[in-house]
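K.L.:
after the sequence you'll find the predicted model.
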Amino acid sequence: MSTQYEVIEEDTLTGQTEQVTVRPTWEKACEVVDAIRADRPLRQNLRYGFTIKPAEEEES
């Protein structure tokens, strides 16, 4: 199974994090972040940060 990448959004004021989505490639995950940032005003882009990392595989 290939590596999936999760996009995590962090509110830099509160430290809260939330998983936004999981995508099959690094490039697709970057496209998600770019799309979110394009739809937001600058002030929100400065407040919220994003992390893209390999998703942890669930064990069955």
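P.N.:
Looks like it arrived, so ask away.

K.L.:
find the centremost residue of the protein, please.
P.N.:
Central residue of the chain (CA atoms, centre = their mean): Val7, 2.2 Å from the mean position.

K.L.:
give me the element it is part of.
P.N.:
Element membership of Val7 [criterion: DSSP states H and E] is strand 5-11.

K.L.:
buried residues, that strand. List them.
P.N.:
Within strand 5-11, the residues that qualify as buried are 5-7, 9, counting by 16 or more other CB atoms under 10 Å. All C-beta atoms are positioned from the backbone trio N, CA, C, and that covers glycine.

K.L.:
ditto for stretch 47-56
P.N.:
Using 16+ other CB under 10 Å, the residues of stretch 47-56 that count as buried are 48, 50, 52, 55.

K.L.:
same check, this time on stretch 26-39
P.N.:
Neighbour counts over stretch 26-39 (16+ other CB under 10 Å) mark 29, 32-33, 36 as buried.

K.L.:
got a markdown table for those residues, with pLDDT, secondary structure and distance to Gln44 too?
P.N.:
Compiled in a markdown table, those are given as follows (pLDDT from 0 to 100; DSSP: H, G, I helix; E, B strand; the rest coil; distance: CB to CB, whole Å):
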| residue | pLDDT | secondary structure | distance to Gln44 |
| --- | --- | --- | --- |
| Ala29 | 95 | helix | 19 |
| Val32 | 95 | helix | 16 |
| Val33 | 95 | helix | 13 |
| Ile36 | 94 | helix | 9 |
